[in-house]
Structures are given as C-alpha cells and as structure tokens.
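> I would like to see how this sequence folds:
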Amino acid sequence: MDLMTFRTLSTVLLFAIFLGIVAWAWSGRRQAAFDEAARLPLDDDEAGADGCPDGPQALAVGRIYERAGLVERATACYRRAAACDALEVKGEALYRLALRSRRERKFGEAAAIWREVVA
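Residues are numbered from 1 along each chain as shown. Just a heads-up that it's a prediction; the model follows:
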C-alpha cells in the first residue's frame, strides 16, 4: 500500500464517519433529547430579570426568553429593562411590552405603554 492509497482510504473513512455523525444528529429519534438539552439554560430558576445587572442585558435575556416561548420571564425582563435610564433600551423594552400586551388582547394596558413610549 503506497502513501496515496493510504491518504485516499483515510479521507473516505473520515468522510463516512462525518456522514454518520450528521445522520445521527439529524435523526428524528434524537430530536426530543436535543430539544431538552437546548432548553437547559432557560430552565435555570436563578437567572432571568433578577440575574441581569443592567437594562441592556435584561432586554437581551427577554428577547431570548420570548423566542423560547417563556412569555412570563420575557415580560419580567422587559419590565426590568424599561426601568433603565438609557433611552434606546427603555424604548425597545416598552415597545416589546406593548406588543406583548396587544398579543394577549390587553388593549388598555398596551395603549398605556404606547403613551409612555411616545412621551
């Protein structure tokens, strides 16, 4: 066996291993386990709005919670970010709170938040 044959066989073998890993990762049987592992950081009870040292971080964590479907935690983070002194952060947090209220059909609450955004 010469060097070129060895390199060719090792390349083919590594490519087959790569395809096996891809097939394993994307198989439907693993989906539940991967979804559970993906939610582990979001299930931490100590984190959230109280764990954020400032408004911008609370806003960022709120966005993550909202994308994950954890609406109550997202709302708490947005309320913490709305208390921030930075106008961009406060405006974005109030905007997201107003949208959340509107989606929950709390139109009076949404209108009050929009008034605060405009003011």
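
> CA atoms of the helix or strand bottoming out on mean pLDDT in the chain as CSV?
Across the helices and strands of the chain, mean confidence by mean pLDDT, DSSP states H and E is lowest for helix 31-39: a mean of 78. Only the C-alpha atoms of helix 31-39 are listed here, as CSV (Å, rounded to 0.1, in the frame of the first residue of the first chain):
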residue,chain,number,x,y,z
GLN,A,31,-35.0,15.4,18.4
ALA,A,32,-36.6,15.2,21.8
ALA,A,33,-33.2,14.8,23.6
PHE,A,34,-31.7,17.7,21.7
ASP,A,35,-34.8,19.9,22.4
GLU,A,36,-34.5,19.1,26.1
ALA,A,37,-30.8,19.9,26.1
ALA,A,38,-31.4,23.2,24.2
ARG,A,39,-33.8,24.3,26.9
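
> Quick one: residues in contact with that helix.
Contact partners of helix 31-39, identified using Cβ atoms under 8 Å, 6 or more residues apart in numbering, comprise Ala25, Ala68. The C-beta positions use only the backbone N, C-alpha and C, and glycine is treated the same way.

> repeat that for 7 Å
With Cβ atoms under 7 Å, 6 or more residues apart in numbering as the test, helix 31-39 has contacts from Ala68.

> who are the neighbours of the helix or strand following it, in terms of helices and strands?
Following helix 31-39 in sequence order, the next helix or strand is helix 55-68 (DSSP states H and E). Counting contacts by 3 or more Cβ pairs under 7 Å, 6 or more residues apart in numbering; DSSP states H and E, helix 55-68 is packed against helix 71-82, helix 87-103.

> Can you say which of these is packed in most?
Greatest average neighbour count among these goes to helix 71-82 (a mean of 21), per mean count of other Cβ atoms under 10 Å.

> Which other helices and strands does that helix contact?
Judged by 3+ Cβ pairs under 7 Å, 6+ apart, the packing partners of helix 71-82 are helix 55-68, helix 87-103.

> Turn these into TSV, columns for distance to Leu40.
Below are those laid out as TSV (distance: least, Cβ to Cβ, whole Å):
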stretch	distance to Leu40
helix 55-68	11
helix 87-103	25
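
> Perfect, that will be all.
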